[in-house]
Structures are given as structure tokens and as C-alpha cells.
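Chemist: Sequence below, structure please.
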Amino acid sequence: MGLAAGASRVLGFVRDVLTASLLGTGPAADAFALAFRIPNLVRRVLGEGGLHAGVIPVEASVLRGRGIEAARIFAGEALSTFAVALLLVTILFEIAAPAVIAFAAPGLAASEGGASATFFLRLSFPLVIGATLASLASAFLVAQGRYGWASWSPVAVNAMLVGLLAVLDRLSGGDAERAAAILSAGSAAAGLVQAASVLPPLMRSGRAPRLALPRLSPEIRRLVALAGPGLIVVASTQLAFLIAAAVASDLPGAVSRLHYADRVAQFPLGFVASAVGTVALPALAGRSGTTAFGPAVDRALALAWAVGLPAAVGLALLAAPVASILFERGSFTAADAAATGAALAAMAAGIPFAAAVRVLSAAFFAREEARPPLLATAAGLVASLASALPLVASFGIAGAALSIAVGAAVQCAVLVFALHVSGIWTPGRIVLRDAARSVAAAGLMAVFLVWAREAASGVLAAGSGIGLRSAALAGLCLAGAAVYGLAAVATGALRPSDFRRPAPPLA
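Modeler: Alright, predicted model coming up:
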């Protein structure tokens with residue numbers, strides 16, 4: 001699932017590069033960027049398991065209490081109810097599109113680009129229908145331990161859009177307005193392709209949904225009550241980013257530099273959070289109320305730390321060459337790259353905490369308790385806002401990025417405290433031992449990377465060719481990963497059993 005999340009991030013980055021090349025930065029580009037942001041944000045949150053927090057624990061409860069046939073009826077009711085609700089929401093957005101654009105960007109709405117943005121939003125918003133139904137179907141597949149289709153279906157959206165962008169110049173005749181309209185319509189079609197890629201495997205599964213009329217059954221109400229907070233928890237990092245960007249917006253170039261840093265940080269964050277958090281939830285839901293629940297939390301948290309910590313250390317140490325090699329060209333100067341690298345290094349500090357948050361939140365959602373994760377998210381966002389003001393004043397753009405990490409750390413701490421107070425789980429000797437092993441392995445990797453980075457400094461310098469610099473950076477990343485992997489296995493931070501395909505979490 002982590003590889004799938006990473007592949008989706010890479011394709012999304014390619015999509016952004018091709019879109020920028022095709023549309024430039026003119027009025028059509030501004031209108032499309034604004035219109036596409038809303039449905040694409042929904043798709044990203046759903047793709048990282050936003051609905052899983054509602055679907056998986058409720059289905060686990062139905063399966064344990066009333067058997068497979070009741071679980072099939074619940075799945076059918078969920079799909080039909082969400083399909084009707086999504087259709088109604090889409091109709092509402094189609095009607096209210098001008099007001100949505102006016103609220104999101106008053107300046108653009110008042111200009112000639114307002115009409116274009118409204119048109120593009122109406123074309124692209126049906127993406128939400130396909131993406132949501134696909135996420136719902138994926139959650140039911142994950143509950144059965146069928147991770148393949150569930151993990152790779154989000155890739156379909158970006159893959160289709162990249163393919164469309166490759167031929168869009170010829171289809172549009174070089175007209176940016178027409179190209180943006182075609183791309184908007186293609187976005188909606190890509191959402192339907194995503195749904196079509198995951199619904200057939202679900203219908204062929206052992207717990208295929210039984211067709212049912214939409215209704216607000218007690219199970220559907222429980223699903224919605226858990227899914228809402230689950231979506232907010234998944235989106236917490238993006239909300240913290242918006243806070244940081246708003247506080248730093250007075251600094252020249254801060255918003256765009258933070259945006260580019262966030263795009264890079266999302267690669268490892270998506271890998272860790274999607275993989276560990278999504279897989280942990282069904283495993284915990286299947287053990288809720290048993291003596292196996294605590295050890296399951298221990299191991300899931302240890303794995304989150306074992307993967308998130310080296311990602312953070314490696315990204316922090318290589319932030320400068322990463323930012324320079326990826327972005328330093330054309331109008332993006334060396335000063336821009338240096339500032340983006342500083343922001344990226346600061347953001348990296350939050351990756352282990354964000355990964356742990358997904359596991360600790362899953363411990364509550366598995367027990368159908370939504371309030372503690374929601375309160376922890378609120379505490380984290382308040383901490384981001386409170387810390388952003390002094391940090392930006394002291395460290396500029398790096399301080400804004402660091403406030404995102406502060407928020408993730410506070411969110412993690414509140415969840416640990418809430419689990420301890422409620423008696424659900426307390427970090428013990430095993431968790432501390434495994435965390436120490438990960439720290440030791442990451443420390444060895446850090447020593448190696450500092451040495452290797454200095455040894456390759458001449459090749460990584462801006463004066464070298466982009467091909468040689470990219471190869472050197474890729475070599476550093478692969479070598480660092482190898483050093484960490486060997487050290488993690490040697491210390492026991494990672495075990496051979498961690499690399500085996502898990503059994504279905506629910507019988």
C-alpha cells in the first residue's frame with residue numbers, strides 16, 4: 001500500500017509538471033487550479049483511507065455479531081446510500097458553483113476568470129462521486145485483507161490524467177482555455193475509472209455487497225459518525241499546512257516555497273501514513289475487546305516509527321540537494337531552492353509523529369470512539385497556529401514549516417495521553433525497546449549519509465549536469481535505505497515476519 005501511495009504521489013507530481021507546461025500561469029491556469037483544488041483535495045483525503053475509520057470497525061462489529069450475510073447487507077446499504085447522497089451533493093455544487101468560487105477566491109471570481117473557474121468546477125466536481133465510491137469499496141476490501149485492488153485504485157486517477165495531458169496539446173489546438181476544460185472533464189471521468197477498477201473485485205469477493213435500497217440504518221449512522229472525524233484526522237496535515245502558509249504569507253515567496261516543500265514531503269508521508277495507518281485499522285478492529293489488542297497497537301506503532309523515522313532523517317539530511325535538483329531551473333533561483341530546502345528539512349521532523357497519529361487514531365476508531373482523535377486533531381491545529389507566529393518571526397519560512405511538525409507532535413502526545421487515561425493502551429517496555437532500535441538504526445544511516453553527502457558534494461553542486469546530479473542523489477537515497485534496512489533487521493527494529501503478506505484481519 002505504501003508503494004501504491006508513493007506511485008500516486010509521483011504521478012501527481014508529473015501531472016502538475018505537465019499541467020504547468022501546458023497551461024502556464026495565465027488566467028486559464030488560475031481558474032483551473034482553483035476549480036480542481038476542491039475535488040482533488042477530497043480525492044486525496046479519501047485515497048489515504050478517510051472513510052476506513054467508519055467502514056472497517058462497523059463492519060467488524062456487524063460481522064462478529066450477526067454474521068456474513070448481515071455484513072453483506074450493510075455493505076450494500078452503504079454503497080447505495082452514499083451513491084444517492086453523493087449525487088445530491090454534486091447537484092448542489094453544480095448549482096452553487098459560482099458562490100463556491102466567490103467564497104474560495106473573491107478576487108478571481110470578480111475577474112474574467114471567475115466564469116471559467118465556475119465552468120471548470122462544474123466539469124470536474126463529479127470526480128468526487130467516483131473517488132468516494134472507490135474509497136468505500138476499497139475499505140470493504142481492506143476489511144477482508146484484500147489490499148491489492150484497494151491500494152492501487154487511486155493511482156488510476158493520476159495515471160489517466162497524465163495520459164490525457166500527454167495528448168492534450170493536440171486535442172486543444174494550443175488553446176489554454178479549451179485544454180483546461182478538457183482536463184476538467186477528464187478529471188471527472190478519471191474518478192469513474194477509479195470506481196470501476198475497484199467495484200468489480202468487491203462484487204466478486206467472499207463478502208460481496210448485497211444490493212439494498214438506501215436507508216439510514218443504525219449501522220449507516222454509526223459509519224457516518226466515525227467517517228466524519230476520520231476524514232478530519234486524515235486531513236489534519238493539510239489543514240496545518242494551510243495555517244502555516246497563512247501565517248507566513250507576508251514573506252515574499254513563502255507560500256509557493258512551502259507548497260513545493262510540501263509536495264516533496266508528501267511522498268514519504270503518504271507512503272508511511274497510508275500504508276501503516278490503513279493496514280493497522282482492520283487489524284485492530286478485528287482484535288478490539290480481546291487481549292491481542294494491546295500487542296497489536298504495540299507492533300503497529302513500532303512499524304510506523306521504524307518506517308517514519310528513517311524517512312524523516314533522510315529527508316532532513318538531503319533536503320538541500322533534493323530541493324535544488326527538483327526545482328532549481330528557469331525562474332526558480334538558487335535562493336528559492338535554499339529556502340524550499342530549509343522548509344523541507346523542518347517539515348521532515350513531523351513525519352514520524354504523523355505516522356504514529358494514524359496508528360493511535362486507528363486504536364480509537366477500531367473501538368468506534370471518534371471524540372478523542374477529533375480533540376487531538378483540534379489540539380494539534382491550535383498548537384500549529386500558536387507556534388507558527390513566534391517560529392515565523394524567528395526562523396522565517398523554516399519556522400512556518402516547523403509549526404506543522406509541532407502540531408503533529410502535540411496531536412500524537414494528546415492521543416497517547418487519551419489512550420492511557422481511558423485504559424485502552426499504555427506505551428510499555430516493548431514499544432520503548434522497538435523505538436530505541438529504530439533510533440539506533442536511523443542514527444547509523446544518518447552517519448553514513450552525512451559522510452556520503454560530503455563525499456558527493458562536488459557532483460551534487462549546481463554546476464554539474466542535471467543527469468549526473470540526479471543519479472548521485474538517487475544513489476544516496478538507495479544507499480541510505482540499504483544501510484538503514486540492514487541495521488533495522490540487525491537490531492530487530494524490522495523483522496522478517498513484517499515483510500510477509502498479512503492474513504485477512506477478519507474471518
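
Chemist: alpha carbons only for contacts and neighbour counts from here, please
Modeler: Will do.

Chemist: Quick check: phi and psi at D169.
Modeler: phi -60, psi -40 (degrees, to the nearest 10).

Chemist: And R263, by the same measure?
Modeler: phi -60, psi -40.

Chemist: count of neighbours near it?
Modeler: Look at R263: counted by other C-alpha atoms under 10 Å, it has 15 neighbours.

Chemist: for it, what are its contacts?
Modeler: Residues counted as contacts of R263 (C-alpha atoms under 8 Å, 6 or more residues apart in numbering) are F13.

Chemist: Same question for L385.
Modeler: Applying C-alpha under 8 Å, 6+ apart, the residues near L385 are 240, 243-244, 403.

Chemist: and of the residues you listed, the nearest to L11?
Modeler: A240 (23.9 Å; C-alpha to C-alpha).

Chemist: D262 is in what secondary structure piece?
Modeler: Using DSSP states H and E, D262 sits within helix 254-272.

Chemist: next helix or strand past that helix?
Modeler: Assigned by DSSP H and E, the successor of helix 254-272 is helix 278-285.

Chemist: And the very next helix or strand once past that next one, what does it pack against?
Modeler: Once helix 278-285 ends, the next helix or strand along the chain (criterion: DSSP H and E) is helix 293-317. If contacts are counted by 3 or more C-alpha pairs under 8 Å, 6 or more residues apart in numbering; DSSP states H and E, helix 293-317 sits against helix 254-272, helix 278-285, helix 334-348, helix 351-365, helix 429-455, helix 466-491.

Chemist: Tell me the helix or strand right after the longest one.
Modeler: In this case it means helix 429-455. Helix 429-455 is succeeded, C-terminally, by helix 457-460 (DSSP H and E).

Chemist: Next, the buried residues of that next one.
Modeler: By 16 or more other C-alpha atoms under 10 Å, the buried positions in helix 457-460 come out as 459-460.

Chemist: who does that helix touch, helix- and strand-wise?
Modeler: Counting contacts by 3+ C-alpha pairs under 8 Å, 6+ apart, helix 457-460 is packed against helix 466-491.

Chemist: I figured A7 hits P154, correct?
Modeler: No - with contact defined as C-alpha atoms under 8 Å, A7 does not reach P154; the gap is 9.5 Å.

Chemist: ok, now how distant is R299 from A379?
Modeler: 26 Å (C-alpha to C-alpha, to the nearest Å).

Chemist: Just checking the distance from stretch 221-235 to the centre of its chain.
Modeler: Taking C-alpha atoms, centre = their mean, to the nearest Å, one finds the center of stretch 221-235 at 15 Å from the center of the full chain.

Chemist: before we move on, what about stretch 398-412?
Modeler: The answer for stretch 398-412 is 17 Å, by C-alpha atoms, centre = their mean.

Chemist: Compute the inter-axis angle for the helix holding D262 and helix 293-317.
Modeler: 140 degrees (axes from the mean of the first three to the mean of the last three C-alpha atoms, to 10 degrees).

Chemist: Taking the contacts of L385, tell me the two that lie furthest apart.
Modeler: Once C-alpha to C-alpha is applied, those give I243 and S403 as the farthest pair, at 8.9 Å.

Chemist: sorry, back to before: which one of the helices and strands packed on helix 293-317 lies closest to S497?
Modeler: helix 466-491 (10.8 Å).

Chemist: what helices or strands is that closest one leaning on?
Modeler: Counting by 3+ C-alpha pairs under 8 Å, 6+ apart, helix 466-491 packs on helix 293-317, helix 319-327, helix 429-455, helix 457-460.
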